[in-house]
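> Give me a 3D structure for the following:
(chains A and B)
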Amino acid sequence: MTDHGEKTGACGHTTRRRVVRGLASAAATTIASPAIAQFSFGFGNSDQDGPAAPGIDLGRVFTGLTSLFEGLTLGEEDEIRLGNALYPRFIDRMGGAYRNRRAQTELRNFSEDILATTGRPNLQWEVTLLNNNTVNAWVLPGGKIGVNKGLLRYTSDEAELAAVLGHEIGHAELSHGLSQLKSESFTKGLTSLSREALAGAMGGDRLLSDTLIDALEFPLLQMVTTGYSEEREFEADQHLIAVFGNTGHDPSKAANFFRTLLEIMPPSQQATTSLYSTHPGTEERIRRIEAAASDLPSAQRVARPGGYAALKRTFPTRRHLRRRG
Amino acid sequence: MRIAAAALAVGFIAATAQAFYHEEKPEEEKTETKAAPQEAPRPKRPSALVESVANAPGVKLQAFDYVYPGWVIELGDAGSIVLSYLESCVVETIQGGQVEVGDNASVVEGGTVEKSQAPCEGNQVATTESTQEAAGTAYRVAAFAGQDWAERTIKSDRPIFKWSAPPGSFSALAVISLDLDPPKVIWRGVSDKTHLEYPVDAPKLEVGVPYEVQVSLPGAPPAKTAFSIDPELEGAETTLSRLVPIGP
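Residues are numbered from 1 along each chain as shown, chains lettered A, B, ... in the order given. Predicted coordinates:
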């Protein structure tokens, strides 16, 4: 008797070897699946109904659901609740609040004008400077913003910082956190264990339960720090243009910080953030921002005393790590 | 199939044998396996810095020595030691007793310990990779792979550089300003110890500018650490708040 039409010896050794190898391979795959799936996130590089995240499609393998949150009605109070619950945890995980009280105050002062333009006055907006060297910023549903000190080191003027804040505020204003949470790509990107934890925490209530918020902590942390879908990132980029129009920041500089990211991120960089994309490229985002900014009148803003200039005394703009050309 | 069964049987027998022959060591033996500081094997990373030792002649430690997890320090009744933990930034003032050095705090028996929190960065991993075990799932926050963001921010413009070196060896140090084009050495020094305070007469360090300190030992590649200063960091200036550890 042969397996796959292969000749065997008198005792069928080849057949037995194939069976053993097959069993071992299946066992290894089963054991390794969660580990592989942990790193097969699709955030930031797929549309809501776009192509599946790379790696194993756990949505089909484990639950058959395309969205755990399809039937859940989530609104502004849920956003606020999520943000309030997770903000202190995210701050803690991302390095903690930077222990320079004056810098914290100056960042909040700088943000006031930009936050004053929001069309969501019920959100409990808050900005914290984080003790984190990477060049990134993020926002939670409900208006909770984190800005890394690493990012402040690479803004060259206040328009660039305004662009970062305007972009992040756009995500919260447009409820991108909630909409992406309810998307197929979010569910597909979850590991089997977090999928089980979330499914187990779904109590059928309208409001998010504490258990569900706990289960959402790490998936949301991943989402806000690595970026949203392509469509949502474009929307947030357009939102910063609207902010510039309201605040009078120089529209010709609206895309400058994205150029800075191209200078400092290594060419091999695959990880994304809300501000730095690989799909679409950051170059495309720059092009779209500049096209939209060209319709705005030139800068009308009078720089406030303190604010940005005061921040830069602590975080002078760096040349270090920038690639030329 | 016979081979697989035999392998399983061998494994079962081995596991059973180990379970059968494992026995708890008596208390005296357990204590004796805890080594004195200088005799204990050194894990790769120190967990704390000795700030001071007093009235403990049997303790072969001095200020600016590193201590490592698992080390046991016998202070006796009158001895005292101040340890500053590098990751947790906890400063422990310990009076008497036996001290077992931990990863982030000491276990003290027969003595008293006062703890305070020093303003320091801990070992902030620059890539900010953090893994969190939650229900067995590890999530890796986005790492900016390929770029080294590691940098320690200290309060003082007179950092204390600390490194590991064989006793009696000479180390060459250099401080480089990374934001100059090209980066430039602004100060050089030599030390026969394993720590050195940035001299008063060295070029003044500027707020927020990235610097790199390198230490070279004969026959070894240089170890280096990036740092910057921010005098407005909260908290009093302590040894730990001025410390720039170099290398592992």
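> how does chain B divide into domains?
B:25-117, B:142-245 (automatic domain parsing).
> Relative to residue A:99, how far out is residue B:161?
Distance, residue B:161 to residue A:99, by Cβ to Cβ, to the nearest Å: 22 Å. C-beta here means a position set from N, CA and C on the backbone, and glycine is covered the same way.
> how about the strand or helix carrying residue A:102: buried residues?
Using DSSP states H and E, residue A:102 sits within helix A:101-115. Buried residues in helix A:101-115, counted by 16 or more other Cβ atoms under 10 Å in any protein chain shown: A:103, A:104, A:106, A:107, A:108, A:109, A:110, A:111, A:113, A:114, A:115.
> Quick check: phi and psi at the nearest residue to the first one once chain neighbours are set aside.
Leaving aside its sequence neighbours, residue A:103 sits nearest to residue A:314 (Cβ to Cβ, 6 or more residues apart in numbering or on different chains; 5.0 Å). For residue A:314, the backbone dihedrals (degrees, to the nearest 10) come out as phi -90, psi -30.
> and residue A:314, how many neighbours?
Under the neighbour criterion other Cβ atoms under 10 Å in any protein chain shown, residue A:314 is assigned a count of 23.
> Tell me which stretches of chain A form helices.
Here chain A has its helices, by DSSP state H, at A:13-38, A:58, A:76-93, A:101-115, A:149-152, A:158-173, A:176-181, A:184-189, A:192-201, A:210-226, A:230-247, A:256-264, A:282-293, A:308-314.
> JSON lines for those helices, including mean pLDDT?
As requested, the helices of chain A are exported to JSON lines (pLDDT from 0 to 100):
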{"stretch": "helix A:13-38", "mean pLDDT": "40"}
{"stretch": "helix A:58", "mean pLDDT": "40"}
{"stretch": "helix A:76-93", "mean pLDDT": "93"}
{"stretch": "helix A:101-115", "mean pLDDT": "95"}
{"stretch": "helix A:149-152", "mean pLDDT": "96"}
{"stretch": "helix A:158-173", "mean pLDDT": "95"}
{"stretch": "helix A:176-181", "mean pLDDT": "83"}
{"stretch": "helix A:184-189", "mean pLDDT": "72"}
{"stretch": "helix A:192-201", "mean pLDDT": "72"}
{"stretch": "helix A:210-226", "mean pLDDT": "83"}
{"stretch": "helix A:230-247", "mean pLDDT": "90"}
{"stretch": "helix A:256-264", "mean pLDDT": "90"}
{"stretch": "helix A:282-293", "mean pLDDT": "90"}
{"stretch": "helix A:308-314", "mean pLDDT": "94"}
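> Tabulate the ones you listed in TSV, adding columns for distance to residue B:111.
Listed next are the helices of chain A as TSV, based on distance: least, Cβ to Cβ, whole Å:
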stretch	distance to residue B:111
helix A:13-38	44
helix A:58	53
helix A:76-93	32
helix A:101-115	36
helix A:149-152	39
helix A:158-173	50
helix A:176-181	50
helix A:184-189	51
helix A:192-201	43
helix A:210-226	39
helix A:230-247	56
helix A:256-264	50
helix A:282-293	57
helix A:308-314	41
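> So which of those is nearest residue B:109?
Of all the helices of chain A, helix A:76-93 sits nearest to residue B:109, with 31.5 Å by Cβ to Cβ.
> From chain A, how far out is residue B:197?
23 Å (Cβ to the nearest Cβ, to the nearest Å).
> In this structure that residue contacts residue B:156, no?
No - with contact defined as Cβ atoms under 8 Å, residue B:197 does not count as touching residue B:156 (9.7 Å).
> Comparing these two, which residue is more hemmed in?
Neighbours per residue (other Cβ under 10 Å) separate residue B:197 from residue B:156, with residue B:156 holding more: 20 against 16.
> Could you tell me which ranges of chain B sit under the pLDDT cut-off?
Applying pLDDT under 70 to chain B flags residues B:1-43, B:122-147, B:248.
> Which parts of it are helices?
Going by DSSP H, chain B shows helices at B:2-21, B:27-33, B:239-242.
> before we move on, back to that, got the contact list for the helix holding residue A:102?
Here helix A:101-115 makes contact (Cβ atoms under 8 Å, 6 or more residues apart in numbering or on different chains) with A:97-98, A:125, A:127-129, A:145, A:147, A:149, A:152, A:158, A:161-162, A:165-166, A:169, A:243, A:247, A:304, A:306-308, A:310-311, A:314-315, B:232, B:234.
> List buried residues within those.
A:97-98, A:125, A:127-129, A:145, A:147, A:149, A:152, A:158, A:161-162, A:165-166, A:169, A:243, A:247, A:307-308, A:310-311, A:314-315.
> picking that back up, for the buried residues of helix A:101-115, which one is nearest residue B:184?
residue A:103 (27.5 Å).
> distance of the closest one from residue A:147?
From residue A:103 to residue A:147 the distance is 10 Å (Cβ to Cβ).
> so what's the closest residue to residue A:265 other than its chain neighbours up against?
Closest residue to residue A:265 in three dimensions, ignoring its sequence neighbours and counting by Cβ to Cβ, 6+ apart: residue A:276, at 5.9 Å. Residue A:276 is in contact with A:227, A:258, A:261, A:265, A:269, A:282, counting by Cβ under 8 Å, 6+ apart.
> quick one: which of those has the most company?
Neighbour max across these (other Cβ under 10 Å) = residue A:227, 28 neighbours.
> Can you name the residues of the stretch 51-200 of chain A that neighbour chain B?
A:93-95, A:99-103, A:131-136, A:149-150, A:153, A:191, A:193-194, A:196-197 (Cβ under 8 Å from any Cβ of the partner chain).
> Neighbours of residue 150, how many?
Here I'm looking at chain A. 25.
> look at chain B instead
Residue B:150, neighbours per other Cβ under 10 Å, totals 16.
> Hmm, it is touching residue B:226, no?
Yes - Residue B:150 lies in contact with residue B:226 (Cβ under 8 Å); the separation is 5.8 Å.
> Show me what the top strand by length along chain B pairs with in its sheet, parallel or antiparallel.
Taking DSSP state E as the criterion, chain B has its longest strand at strand B:72-85. When pairing is defined by DSSP bridges, strand B:72-85 lines up against strand B:48-54 (antiparallel), strand B:90-100 (antiparallel).
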